[in-house]
Each structure stands twice: as C-alpha cells, then as structure tokens.
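# Would you be able to build a 3D model of this:
(one chain, ligands or ions: 1)
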Amino acid sequence: MADGLTPLSGQPRQHFCGWGATLVDSLDSLYLMGLEDEFKRALNASLMLDFTKCLDDAEVNLFESTIRILGGLLATYDLANDVRLIPKLVELGDVLHTAFMTPNGMPRTRYRLGQSEGRSRAPSTAPVAEVGTLSLEFARLSQTTGDRKYLDAVDSLSQKLAQTQQDSGIPGLWPETVYPGSVGGLGSYFARGGLRWSLGAGSDSAYEYLLKSHLLLGRQTDLYKTMWKAASEQIKEHLLFRPAIPNTNRTDVLFSGTAVKVPDREYITLETKVQHLACFAGGIFALASRIFEEPQDLKLATQLTNGCVWAYLNTPTGIMPESFSVMRCPHEDPRECEEAYRVLEGHGQPVCLNGVCTDMLPPGFLEVSDPTYRLRPEAVESLFIMWRVTGDEHWRDVGWPIFQSIIKHTRAPYGHASLASTIQLVDRHACENDLWVNKRGPLQLDEMESFWFAETLKYFYLLFSEPDLISLDDFVLNTEAHPLRLTDEIRGFG
Ligand code: DMJ
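Down below sits the predicted model:
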C-alpha cells in the first residue's frame with residue numbers, strides 16, 4: 001500500500017501522501033496484461049485508500065496526483081467498469097478540485113489538505129506542465145460522474161492558456177516557467193518574462209494535452225485544436241533541429257532542443273541539449289498527423305522517433321541518457337550533416353562533465369549532462385504510437401533491442417532499478433535468475449518510479465501486442481499512459 005518500493009533494498013517509500021501511487025498506477029497494466037488475480041487483489045486494495053488524509057500532513061502534489069492516481073483510477077473504471085470505483089473517484093476528485101479554490105481560480109500546485117481554501121493563492125511560479133496537464137483527467141472525471149465542476153475548473157484554466165498564447169517571447173509557445181499566482185493582468189499568468197521554451201522537463205505534457213484534450217473534448221470546443229495548431233507551428237520553427245551525427249546519410253534524424261532568450265538581447269538561440277523527456281514528441285506528431293490528416297507531421301514524427309532510437313542504440317548500455325548534447329547540422333540536406341560531423345570529430349580536447357569525458361563518449365555525442373536512466377517511457381511511447389499509426393514492423397524491430405537492454409541492465413532484487421549512468425560500465429554485483437553474479441554493467445540506483453509499471457512496461461507490452469488491445473481509435477492515453485475511453489459522442493475527430 002506504500003507509494004513506492006526501493007528496488008535494491010526492498011523498502012517502502014511514501015512520497016505521494018501514502019495514496020498507493022505504485023498500486024494505483026499499475027492497475028490498468030495488470031488489467032490489460034490479463035493478470036486477473038493480481039488485478040482483483042490490487043483493485044480491492046485500492047478501494048481501501050483514504051484520499052481525504054495525506055500521510056504526515058505532507059503537501060499534495062496536484063500534477064502527480066492527477067496524472068498517476070486520478071488517471072489510474074479513471075482508466076481502471078473505463079476498462080473494468082467496476083462501479084465501486086465511482087465513490088473513490090469522487091473522493092479523490094474533490095480533494096484535487098480544492099486546488100482550484102483560489103482568488104484567481106488558478107490552481108495551487110502544492111497544498112496541504114484543508115489549508116484555507118479560497119484564500120490561499122496559486123504559487124508565484126510553476127512549471128507550465130504542472131498547470132497545463134490537468135484538463136484530460138478533470139474532463140474525463142466530469143464525463144464519468146456527470147458533475148461539471150471538474151470540467152469547469154480546467155476549462156477556465158485552458159481559456160487563460162489560450163488567451164495568453166500569443167503573448168510570450170515566442171508567440172504560440174508558453175515559457176517553461178509561468179506565474180499562476182500573479183495578481184496582474186491576464187497576460188501575466190503565462191507569458192511574463194519567460195526565457196526558455198522546450199518540449200522537455202517542465203513543459204512536455206502541457207503541449208501533449210492540447211492534442212489529447214482535443215481528442216476528448218473536440219466535439220464540444222475548438223479551443224484545444226486551435227492551441228495545438230498554433231503551438232505546433234512554433235515547435236517546428238523554433239525547437240526542432242537536425243543534428244550532425246554519424247550516418248545521417250542513412251538515417252533521417254531530428255531532435256528537439258530548448259529555445260533560450262538571451263537577457264537584454266533581442267534574439268533567441270537554440271540549446272542543442274536533447275532530453276529523454278522530450279522523446280514523446282515523435283508520438284504526438286504521429287497522432288496529430290492521423291487526427292488532422294497532415295502527412296508532413298508523420299515525416300516529422302518519424303525523424304523525431306529515429307533520433308531517440310539513435311540515442312538508445314549508440315550508447316555502451318543500449319539505453320539513452322536522461323540528457324545530452326549534439327552538434328546542430330547547419331545544412332538542410334541530411335547527407336551534408338555526415339561531413340559536418342566528420343569535421344567536428346577531428347577537433348577539440350576531451351572535456352569531462354559528471355564523470356563522463358568527451359573521449360569516452362560514443363560518436364555523435366558532444367557531452368552528456370545527465371547520464372542516468374530513470375526507467376522513463378517516452379521513447380517506447382513514440383515507438384508504440386508510430387507502430388499503431390503506420391503499421392510498419394520497423395518500429396517493433398527497433399523496439400526489441402531497446403527492451404532487451406533495459407531489462408538486462410535494470411533488473412534488480414525487488415523490481416527494476418534506475419541507472420546511475422548509461423555511458424559508464426563498472427564491475428558490480430547483479431541479480432540474474434535469482435543468483436548474485438559479478439558482472440560488468442551500469443551502476444544501479446535504489447529508485448523505481450511508478451511510471452515504470454504504468455508506462456514503460458505497458459508501452460512495451462502494447463508494442464508487441466495485437467493492435468486491437470487498447471485501440472487508439474477508442475482510447476486516449478493520458479501522460480501517464482492511462483487509457484481513457486473515447487466514445488463516438490465525445491471523440492474529437494471522425
Ligand atoms: C511521467 O510521470 C509522465 O510521463 C510525465 O508526463 C513525464 N514524466 C514521467 C515519465 O518520465
């Protein structure tokens with residue numbers, strides 16, 4: 001019943017109010033994998049959770065509780081149709097809905113239960129993803145319970161996102177940091193003074209939810225479609241770039257970086273740092289190509305997914321690091337990037353960062369700012385969507401070695417462990433077939449986030465299953481991979 005389990009030491013972790021984050025996040029994976037007994041036990045245990053109390057009077061994390069716990073319960077209801085879940089959905093929904101009881105209606109992203117509702121202000125700063133990733137779950141909760149108040153709360157927030165979309169330094173994109181508690185005019189919530197724009201940490205799912213909310217609510221409103229169209233044009237213009245890496249004559253690759261406004265200067269530059277978190281972008285453009293019949297978006301989706309696959313297949317572990325930099329190719333033609341890469345390779349002294357020196361790096365990697373692997377799903381998420389949208393077996397073929405590398409290196413005594421480095425191998429003890437053996441491999445960390453069960457394993461399972469299992473014509477998956485059912489009456493396209 002704890003929120004998490006440490007995979008090396010087998011200890012409980014309580015970091016989400018003791019609301020059984022791993023248990024609830026795993027429910028729909030158990031269900032769709034046909035693990036019936038485990039599902040029944042987990043569901044019965046979930047019904048015992050008390051969402052009106054937060055362990056140790058800790059703060060509720062609105063974003064994480066919404067995507068992992070509310071999303072997990074909603075999807076389980078949509079799959080298993082067990083009415084015992086309805087009171088639990090209402091209990092949790094009401095607790096999370098109090099976040100919106102602020103003077104300006106903007107949500108408190110962290111709050112203590114019962115803390116002066118109506119008078120407490122939204123935070124002065126927050127990552128845009130934490131306020132822009134609530135619409136899907138709150139809307140589905142209203143559809144499921146028939147109570148409009150959840151939808152009304154996120155609708156008002158989305159109206160404000162829409163009204164400020166053109167006000168930032170890159171009109172169409174919201175900066176990574178926004179100001180929900182602002183008492184100034186409307187524009188001050190989302191646009192003021194932002195200096196960085198990306199699809200990575202702090203921003204990612206805010207863009208994902210424009211498209212996915214259109215799928216869920218597009219019959220009722222054009223709001224999300226309009227926002228997605230405006231944002232996606234600017235993503236293409238300002239964030240996507242072609243790298244100079246080996247073999248670009250054979251593989252067409254794009255990455256997404258971070259646009260940065262240099263203080264006191266008028267211009268915006270592009271940081272060519274690639275984040276694992278941004279690997280969802282390939283999947284999102286593939287979905288967009290299907291929904292809006294835009295073949296160009298499918299090409300982008302292919303290039304972006306190729307980039308993440310390249311990053312997996314070219315490290316010593318076969319796993320992509322959390323973040324790394326590459327050189328930007330100045331040419332349009334990918335064949336010329338090969339030459340640009342060769343020129344780069346001939347220059348430069350070794351530089352070390354976080355214990356990784358450039359002369360230890362695989363070809364094409366300029367530096368690795370964060371060499372960890374945190375059991376994240378975004379690359380396989382895009383592989384799964386590419387496979388579903390195109391039917392091309394290629395995406396399963398490249399997914400298989402990635403799956404094998406992840407399983408091999410992360411397997412741990414009590415589950416699967418995050419990795420300290422995807423680049424450096426050390427001599428360590430490893431658990432194989434219940435035996436401890438000495439092996440050379442990456443150092444493991446005593447961390448296993450619940451999205452390992454909710455997302456990474458689920459996406460791999462779906463990648464290698466028949467396409468009618470969770471058809472993307474019938475479900476939209478929230479950012480934690482929880483499938484929410486679309487019916488003909490509510491789906492946003494034909
Ligand atoms: C998950 O909680 C969600 O996918 C979120 O949108 C981003 N981070 C993790 C997985 O990496």
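# Next to the ligand, which bits of the stretch 1-150 of the chain? Give me the list.
Proximity of the stretch 1-150 of the chain to the ligand, by Cβ under 6 Å from any ligand atom, involves residues Ile67. In short, each C-beta sits where N, CA and C put it, glycine included.
# Tally up the residues packed near the residue in the stretch 1-150 of the chain that the ligand sits nearest to, please.
The minimum distance from the stretch 1-150 of the chain to the ligand, using Cβ to the nearest ligand atom, falls at Ile67 (6.0 Å). Per other Cβ atoms under 10 Å, the neighbour tally for Ile67 reads 26.
# pLDDT value on it, please?
You'll see Ile67 listed with a pLDDT of 99.
# got the contact list for Gly283?
Ala301, Thr305, Glu381, Ser382, Phe384, Ile385, Met386 (Cβ atoms under 8 Å, 6 or more residues apart in numbering).
# do the same with Met227
Here Met227 is in contact with Ser158, Leu161, Ala162, Gln165, Leu210 (criterion: Cβ under 8 Å, 6+ apart).
# Now for the second one, how many residues are close by?
Think Leu161. Neighbour tally, Leu161, other Cβ under 10 Å: 23.
# What distance do you get for it to Leu445?
Distance, Leu161 to Leu445, using Cβ to Cβ, to the nearest Å: 35 Å.
# for Thr177, same thing?
According to Cβ to Cβ, Thr177 stands 28 Å off from Leu445.
# what about the two, which has more around it?
Using other Cβ under 10 Å as the criterion, Thr177 and Leu445 rank with Leu445 on top: 20 against 17.
# Check what pLDDT the closest residue to that one other than its chain neighbours gets.
Closest residue in space to Leu445, ignoring its immediate chain neighbours: Ser418 at 4.3 Å, by Cβ to Cβ, 6 or more residues apart in numbering. The model reports Ser418 with a pLDDT of 98.
# I'd guessed Ser418 sits against Phe451; true?
No - assessed by Cβ atoms under 8 Å, Ser418 is found out of contact with Phe451, at 11.3 Å.
# Overlap of the contact sets of those two?
Residues touching both Ser418 and Phe451 (Cβ under 8 Å, 6+ apart): Leu375.
# can you give me the strands in the stretch 1-150 of the chain?
Counting by DSSP state E, counting those that start in this stretch, one finds strands in the stretch 1-150 of the chain at the ranges 4-5, 12-13, 60-61, 110-111, 126-127.
# In this structure the residue of the stretch 1-150 of the chain closest to the ligand contacts Thr133, no?
Yes - if you go by Cβ under 8 Å, Ile67 and Thr133 touch, sitting 6.3 Å apart.
# which residues are in contact with both of these two?
Counting by Cβ under 8 Å, 6+ apart, the residues touching both Ile67 and Thr133 are Ser205, Thr479.
# most residues in a single helix of the chain, which one?
In the chain, taking DSSP state H as the definition, the longest helix is helix 295-313.
# and it, what does it pack onto?
With contacts defined as 3 or more Cβ pairs under 8 Å, 6 or more residues apart in numbering; DSSP states H and E, helix 295-313 has these neighbours: strand 255-256, helix 281-292, helix 378-390, helix 394-410.
# Of all those, which one comes closest to the ligand?
Closest to the ligand of the helices and strands packed on helix 295-313 is helix 378-390 (Cβ to the nearest ligand atom; 6.1 Å).
# quick one: that closest one to helix 295-313, angle?
In terms of direction (axes from the mean of the first three to the mean of the last three Cα atoms, to 10 degrees), helix 378-390 departs from helix 295-313 by 140 degrees.
# Would you mind putting the contacts of Gly283 into TSV with neighbour count and pLDDT alongside?
Shown next, in TSV, are these (neighbours: other Cβ atoms under 10 Å; pLDDT from 0 to 100):
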residue	neighbour count	pLDDT
Ala301	27	98
Thr305	27	98
Glu381	28	99
Ser382	29	99
Phe384	28	99
Ile385	26	99
Met386	28	98
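# Nearest to Glu293 among the residues you listed?
Closest approach to Glu293 among the contacts of Gly283 (Cβ to Cβ): Ala301, at 13.7 Å.
# ok, that closest one touching Arg388?
No - between Ala301 and Arg388 there is no contact under Cβ under 8 Å: 11.6 Å.
# residues of stretch 86-93 that come out buried?
Lys88, Leu89, Val90, Leu92, Gly93 (16 or more other Cβ atoms under 10 Å).
# mean confidence for that stretch?
Mean pLDDT, stretch 86-93: 98.
# how much distance is there from stretch 393-409 to the middle of the chain?
Using Cα atoms, centre = their mean, to the nearest Å, the mean C-alpha position of stretch 393-409 is found 19 Å from that of the whole chain.
# which residues are in contact with that stretch?
Outside stretch 393-409, the residues that reach it (Cβ under 8 Å, 6+ apart) are 305, 309, 312-313, 317-319, 373, 375, 379-380, 383-384, 386-387, 416, 419, 441-442, 444, 456, 460, 463-464.
# Per-residue pLDDT of the residue of the stretch 301-450 of the chain found nearest the ligand, please?
Residue nearest to the ligand within the stretch 301-450 of the chain: Arg376 (3.9 Å; Cβ to the nearest ligand atom). Listed pLDDT for Arg376 reads 98.
# ok, for it, nearest residue in space, not its chain neighbours?
Arg376 sits nearest to His276 (Cβ to Cβ, 6+ apart), 5.2 Å away.
# shouldn't that neighbour be in contact with Glu381?
No - contact between His276 and Glu381 fails when scored by Cβ under 8 Å: they sit 10.9 Å apart.
# Test my guess that Gln234 contacts Gly169.
No - counting by Cβ under 8 Å, Gln234 does not reach Gly169; the two are 10.8 Å apart.
# What helix or strand is Ala230 located in?
According to DSSP states H and E, Ala230 maps onto helix 223-234.
# hey, C-alpha coordinates of that helix in PDB?
Extracted in PDB, the C-alpha atoms of helix 223-234 (Å, rounded to 0.1, in the frame of the first residue of the first chain):
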ATOM      1  CA  LEU A 223     -10.100  25.500 -28.100                       C
ATOM      2  CA  TYR A 224      -7.500  22.800 -27.900                       C
ATOM      3  CA  LYS A 225      -7.300  22.200 -31.600                       C
ATOM      4  CA  THR A 226      -6.600  25.900 -32.100                       C
ATOM      5  CA  MET A 227      -3.900  26.000 -29.400                       C
ATOM      6  CA  TRP A 228      -2.300  22.800 -30.800                       C
ATOM      7  CA  LYS A 229      -2.100  24.200 -34.300                       C
ATOM      8  CA  ALA A 230      -0.500  27.500 -33.100                       C
ATOM      9  CA  ALA A 231       1.900  25.700 -30.800                       C
ATOM     10  CA  SER A 232       3.000  23.000 -33.300                       C
ATOM     11  CA  GLU A 233       3.900  25.600 -35.900                       C
ATOM     12  CA  GLN A 234       6.200  27.300 -33.400                       C
END
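# So what's the model's average confidence on the following helix or strand past it?
Counting by DSSP H and E, the next helix or strand C-terminal to helix 223-234 is strand 240-241. In this model, strand 240-241 has an average pLDDT of 98.
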